[in-house]
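Undergrad: Turn this into a model:
(one chain, ligands or ions: 1)
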Amino acid sequence: MTISRREFVCTAAGLATVGLGGGATSLGQVTREKQTDKHGSGGPIIISSGNGEPACNQAFEMLKKGIDPLDAVVAGINLVENDPEDHSVGYGGLPNEDGVVELDSCVMHGPAHKAGAVAALRNISNPSSVAKLVMRRTDHVLLVGEGALRFAKTHGFKEQEMLTDEARRYWLEWKESRSDIDDWLQAKADFHAARGKMEGLEFTYGTITCMALTKTSDLAGCTSTSGLSYKIPGRVGDSPIIGAGLYVDNDIGACGSTGRGEANLQNCSCFMIVEFMRGGMTPEQACLALLKRVADKTEPRLRDENGKPNYGLMFYAVRKDGLFGGASMWGPGKMTVHDGQTCRKIELPSLCGVRPKVVG
Ligand code: GLY
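TA: Next comes the predicted model:
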């Protein structure tokens, strides 16, 4: 009987295998012939989440001109933050339960080993640019809420309404569908039919992450998000937390994440993936090993009928030598890569198989 890599990983044997130090079969033995890590011949390379094609193209062009890798990835992410069609980040992002968009972002610069971040930032469309300024123009790493907004305005950022009409309609629909015993009545059926591509997506943890490896093997990364849709105001996820939603070690590699932020906060995920790579794992092995750890530690409330996590989580990693890879809790998951040939999407291996209706 032949078994696909995805099926293998989801079997008990596969799950045991991607655990650290588990069983007689080592991770290296399993994945050597089947692993899908790519490249490995140095930079320049840009990797990003599945929604990162504009970011990859922009950042790659800037890397080619010798621009600092952090400036390159932030400029790339700015494009997606400014896109009203992307409801997971920046302008047009889905709001909190009060209908207010609150944005989180962090950056990390490998050569300087410095980081900056903002959380629960309102009324500013490019939180990644503000995070970069926190890194470069303060002695701090993380500014939140009102303080982050004041800091952004000090640097000339203009306040604007971040809730687009489309995002407001999704939020209103969510609000009206919460309960039969409150005073909010659901809109008529044709309004629901008009949801189009958002059909069935009640919550999202959508995010963008983007990392660069230069020709001279320097690394930088950025993660940006509007966070969990319809969250409790003030909720902060993994995206502005160094080590959770992003980590860069210029001696080893970089890792970014999208999906359920709480899982990354509880597992210091991106930091651990870089540490796994330091220990010799390839990017894909490291991402799968961390997903296995997250899955093992998931509380019963967040498991499906088969005991698997009922949420989405994805990791994207690049090593200093240019090897890149990633993994997803559930398929189909994709990463975007630009390594000088084309900007292309690569399907990620998944720990738990294909489950299209997963939140994340
Ligand atoms: N990963 C984005 C969030 O959970 O906020």
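Undergrad: Up against the ligand, what does this structure have?
TA: Within reach of the ligand by Cβ under 6 Å from any ligand atom, the chain has these residues: 205, 207, 225, 227-228, 237-239, 245, 258-261. Glycine gets a C-beta too; all of them are placed from N, C-alpha and C.
Undergrad: of those residues, the lowest pLDDT goes to which?
TA: In this model, the minimum pLDDT among those belongs to Y205 (75).
Undergrad: That residue and G261, how far apart?
TA: For Y205, the distance to G261 under the criterion Cβ to Cβ, to the nearest Å works out to 6 Å.
Undergrad: any shared contact partners between the two?
TA: By Cβ atoms under 8 Å, 6 or more residues apart in numbering, Y205 and G261 have these common neighbours: 225, 227-228, 237.
Undergrad: And those, which two are furthest apart?
TA: Pairwise distances across those (Cβ to Cβ) peak at 8.7 Å, for the pair T225 and L228.
Undergrad: for the residue nearest the centre of the chain, what are its contacts?
TA: Note on the chain: the residue nearest the mean C-alpha position is T258, at 2.3 Å, using Cα atoms, centre = their mean. By Cβ under 8 Å, 6+ apart, T258 lies in contact with 49, 205-209, 225, 312-314, 316, 360.
Undergrad: Could you look up the SS state of it?
TA: At T258, secondary structure determined by DSSP: H, G, I helix; E, B strand; the rest coil is strand.
Undergrad: Quickly list what it is bridged to.
TA: M314 (DSSP bridges).
Undergrad: hey, what's the closest residue to the ligand within the stretch 51-200 of the chain bridged with?
TA: Using Cβ to the nearest ligand atom, D104 is the residue of the stretch 51-200 of the chain that sits closest to the ligand, at 6.1 Å. With DSSP bridges applied, D104 shows beta-bridge pairing to T225.
Undergrad: Count the neighbours of it for me.
TA: Other residues near D104 come to 31 when the count uses other Cβ atoms under 10 Å.
Undergrad: Quick check, pLDDT for it.
TA: Looking at D104, its pLDDT is 98.
Undergrad: One more: the one 5 residues further on?
TA: Looking at H109, its pLDDT stands at 98.
Undergrad: A115 is in contact with that one, correct?
TA: Yes: using Cβ atoms under 8 Å, H109 is in contact with A115, at 7.4 Å.
Undergrad: shared neighbours of the two, which are they?
TA: M135.
Undergrad: which stretches of the protein form helices?
TA: 5-10, 12-18, 27-34, 53-64, 69-81, 127-137, 145-154, 165-176, 189-193, 261-267, 269-278, 283-296 (DSSP state H).
Undergrad: Make CSV out of the ones you listed and add mean neighbour count and distance to C352.
TA: Converted to CSV, the helices of the chain look like this (neighbours: other Cβ atoms under 10 Å; distance: least, Cβ to Cβ, whole Å):
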stretch, mean neighbour count, distance to C352
helix 5-10, 18, 6
helix 12-18, 17, 9
helix 27-34, 15, 17
helix 53-64, 22, 26
helix 69-81, 26, 27
helix 127-137, 25, 30
helix 145-154, 17, 36
helix 165-176, 16, 26
helix 189-193, 10, 30
helix 261-267, 22, 13
helix 269-278, 24, 16
helix 283-296, 25, 7
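Undergrad: so which of those gets nearest S350?
TA: Closest among the helices of the chain, once you apply Cβ to Cβ, is helix 5-10, at 5.8 Å.
Undergrad: Now the closest one: average pLDDT?
TA: Per-residue pLDDT over helix 5-10 has a mean of 39.
Undergrad: still on that earlier bit, shared neighbours of T225 and L228, which are they?
TA: By Cβ under 8 Å, 6+ apart, T225 and L228 have these common neighbours: 205, 237, 261.
Undergrad: What's the local residue count around G99?
TA: 16.
Undergrad: Wait, it touches R168, no?
TA: Yes: with contact defined as Cβ under 8 Å, G99 and R168 form a contacting pair (6.6 Å).
Undergrad: contacting residues for the closest residue in space to N267 that isn't next to it in sequence?
TA: Of all residues beyond its chain neighbours, the one nearest N267 is V294 (5.3 Å), with distances taken as Cβ to Cβ, 6 or more residues apart in numbering. Taking Cβ under 8 Å, 6+ apart as the criterion, V294 is in contact with 263-264, 266-267, 269, 309, 313, 329.
Undergrad: same thing but at 7 Å, please
TA: V294 is in contact with 263, 267, 269, 313, counting by Cβ atoms under 7 Å, 6 or more residues apart in numbering.
Undergrad: Over to L94?
TA: Taking Cβ under 7 Å, 6+ apart as the definition of contact, the neighbours of L94 are 87, 167, 170-171, 204, 226, 229-230.
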